[in-house]
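> got a predicted structure here, sequence first:
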Amino acid sequence: MTGKTGQPKNNKGTRLALHPNIFFLGMVSFLTDTSSEMIFTLMPLFLSNVLGATTVVIGFVEGLADSIASLVRIASGWLSDRLGKRKPLTVIGYTLSAIAKPFMYLASTWAIVLGVRFADRLGKGIRTAPRDALVADSATLENRGKAFGFHRAMDTSGAVCGLVTAAIVVFLLQKGALELARGTYQLLVLIGIIPAILALFLFLFIREIRKQNRVPVEGTNLPSSPRIDEEDNSIKSNTRFKIFLAIIFLFTLGNSSDAFLVLRAQNLGNSVFSILLMLILFNIVYAAISTPAGILSDRLGRKRLIILGWLAYGTTYLGFALSSSSWQVWLLFMLYGVHYGLAEGVARAFVADLVPENKRGTAYGLFHTVVGATLLPASVIAGWLWHTFTPAAPFYFGACLALLATLGLALLVRE
């Protein structure tokens, strides 16, 4: 049930139920990720196998697009706070990404791929902060973790759908070939455009949450009641949030693009089809864990779940560094799914816990900007370590920084 302003009615029977906005935003992410996984997951292999790009170039393409596009996330989040509206910027971001994707069909140089990837990431930069703020606005304090867990689960289920489709296409066209063919990739682009367009129509069912019309009900917690101290009533003075951002920076510096996981899997002798199956397994685990982890974080606290997730990440990267057989990669992709399921949605819910409601857009803009901007040095460093030393080197680096970030979170950020 919802009120006239689109917010959930805060009675005892419904306050733990999810707002319709969260469901439809989940469906938008489902369709968008279906499209993105079909088009961009195999992009590193397209760059390497078809266009002959080096790992340094691949790291540069992935990192630069994310980093430059991330600069708009602060502006987008801040603007959504100023306007008091999240939906318009969210729609613009998803539309830009949908428009960019067809141009991958024409890509013949890595520079063109960079341009398309930049436009796609720019769209993501515009939409991410206001979308996450809209999810937080549409949830109550009691079910905030559940809301973000559900959204992550829907996003990841879309990834599974996209990867299954891609695996079928690859199997039918080139079966167990070790390298990706241009024609196979171009067909994936054509099919992947369809769900990206369909996702845009779902915004007809998503409503803005108007803060000024919220009326607290005695004995209930509205989304406008964040867990913050009086001294933390602004982004500038919020020490916990700033420390959390610094720790996120440290973690992300070792969290290079997943392109290197794909390349490492191929480096260990796995075919394109096998890699797609591994990614499907990763996303199934991710989707299965996300919602339960979000619910658990509502009861036990966010920090414990994030720490467990980061420990799973460090173990995964150490495993990729030490692996010598193709079968080991299957287990590592499963563990990587555990990391994402435990930490990804919960970290976003934690941001909402740390800041007041009217600063959520700005806070999510800062959070995603730190993550996005750090991906350029992270991916360039990973590409350089791979190219200069050994394919295992970037994974040792990532595991070490994950451990340091985990210790920082455990010791420096209070719940």
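Noted; the coordinates are in hand.
> so which residues of the protein form helices?
Using DSSP state H, the helices assigned to the chain run over residues 20-40, 43-45, 55-83, 87-100, 110-137, 144-174, 182-201, 239-253, 259-267, 272-300, 302-322, 326-354, 360-388, 393-412.
> for the first one, packing partners?
Contacts of helix 20-40 with other secondary structure elements, assessed using 3 or more Cβ pairs under 8 Å, 6 or more residues apart in numbering; DSSP states H and E, are made with helix 87-100, helix 110-137, helix 144-174, helix 182-201. The C-beta positions use only the backbone N, C-alpha and C, and glycine is treated the same way.
> so what's Leu342 up against?
Contacts for Leu342 (Cβ atoms under 8 Å, 6 or more residues apart in numbering) come out as Ile289, Ala293, Leu305, Ile306, Leu308, Gly309, Ala312.
> gap between it and Thr55?
According to Cβ to Cβ, to the nearest Å, Leu342 stands 29 Å off from Thr55.
> point out where the stretch 151-300 of the chain drops to low pLDDT.
By pLDDT under 70, the low-scoring segments of the stretch 151-300 of the chain are 211-237.
> hang on, the earlier thing: quick check: which of the helices of the chain is nearest to Arg210?
Nearest to Arg210, of all the helices of the chain, is helix 110-137, at 9.3 Å by Cβ to Cβ.
> what's the burial count for the closest residue to Gly372 other than its chain neighbours?
Residue nearest to Gly372 in three dimensions, not counting chain neighbours: Ser70, with 2.5 Å by Cβ to Cβ, 6 or more residues apart in numbering. Counted by other Cβ atoms under 10 Å, the residues lying close to Ser70 total 24.
> which residues does Arg117 contact?
Arg117 neighbours (Cβ under 8 Å, 6+ apart): Phe40, Met43, Val61, Glu62, Ala65.
> center of the chain, which residue is that?
Glu344 (7.1 Å; Cα atoms, centre = their mean).
> surely it meets Arg152?
Yes: with contact defined as Cβ atoms under 8 Å, Glu344 reaches Arg152; the gap is 5.4 Å.
> any common contacting residues for those two?
Listed contacts common to Glu344 and Arg152 are Tyr286, Ser290; contacts here mean Cβ under 8 Å, 6+ apart.
> against Ala343, how distant is Leu409?
Separation of Leu409 from Ala343 (Cβ to Cβ): 10 Å.
> same question, Asn238
For Asn238, the distance to Ala343 - Cβ to Cβ - is 21 Å.
> compare these two (neighbour count), which wins?
Ala343 (27 against 21).
> what sits against the nearest residue to that one once chain neighbours are set aside?
Setting aside the residues directly before and after it, Ala343 is nearest to Gly309 in space (Cβ to Cβ, 6+ apart), at 2.7 Å. Applying Cβ under 8 Å, 6+ apart, one finds that Gly309 lies in contact with Ala293, Val338, His339, Tyr340, Gly341, Leu342, Ala343, Glu344, Val346.
> of the helices of the chain, which is nearest Glu208?
helix 87-100 (5.1 Å).
> mind giving me the packing neighbours of that closest one?
Here helix 87-100 is seen to pack against helix 20-40, helix 55-83, helix 110-137, helix 182-201 when contacts are counted using 3+ Cβ pairs under 8 Å, 6+ apart.
> so how far is it off the chain centroid?
Relative to its chain's centre, helix 87-100 lies at 16 Å (Cα atoms, centre = their mean, to the nearest Å).
> so how many other residues sit close to the closest residue to Tyr364 other than its chain neighbours?
Excluding the flanking residues, the one nearest Tyr364 by Cβ to Cβ, 6+ apart is Ala129, at 3.9 Å. Using other Cβ under 10 Å, Ala129 has 34 other residues around it.
> do the one 3 residues further on as well
Asp132 sits with 28 neighbouring residues when counted by other Cβ under 10 Å.
> show the contacting residues for it.
So Asp132 contacts Phe148, Arg348, Val351, Arg360, Tyr364, His368 (Cβ under 8 Å, 6+ apart).
> got it, and Phe60?
Leu114, Leu376, Ser379, Val380, Gly383.
> pLDDT added to those residues, as JSON lines?
As requested, the contacts of Phe60 are exported to JSON lines (pLDDT from 0 to 100):
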{"residue": "Leu114", "pLDDT": "93"}
{"residue": "Leu376", "pLDDT": "80"}
{"residue": "Ser379", "pLDDT": "86"}
{"residue": "Val380", "pLDDT": "86"}
{"residue": "Gly383", "pLDDT": "89"}
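> of these - the most surrounded one?
Ser379 (29 neighbours).
> any idea how far Val371 is from the closest residue to that one other than its chain neighbours?
Spatially, and ignoring its direct neighbours in sequence, Ser379 is nearest to Gly63 (3.3 Å; Cβ to Cβ, 6+ apart). For Gly63, the distance to Val371 equals 12 Å [Cβ to Cβ].
> any idea how far Gly63 lies from Ala69?
Gly63 is 11 Å from Ala69, by Cβ to Cβ.
> hang on, I meant Ile112
As judged by Cβ to Cβ, Ile112 and Ala69 stand 17 Å apart.
> which one is Val160 nearest to, not counting chain neighbours?
Nearest residue to Val160 in three dimensions, chain neighbours excluded: Asn283, at 4.5 Å (Cβ to Cβ, 6+ apart).
> now for that neighbour, how many residues are close by?
Residues near Asn283, counting by other Cβ under 10 Å: 28.
> now swap in Ser97 and tell me
Per other Cβ under 10 Å, the neighbour tally for Ser97 reads 24.
> wait, it touches Phe118, no?
No: with contact defined as Cβ under 8 Å, Ser97 does not reach Phe118; the gap is 11.0 Å.
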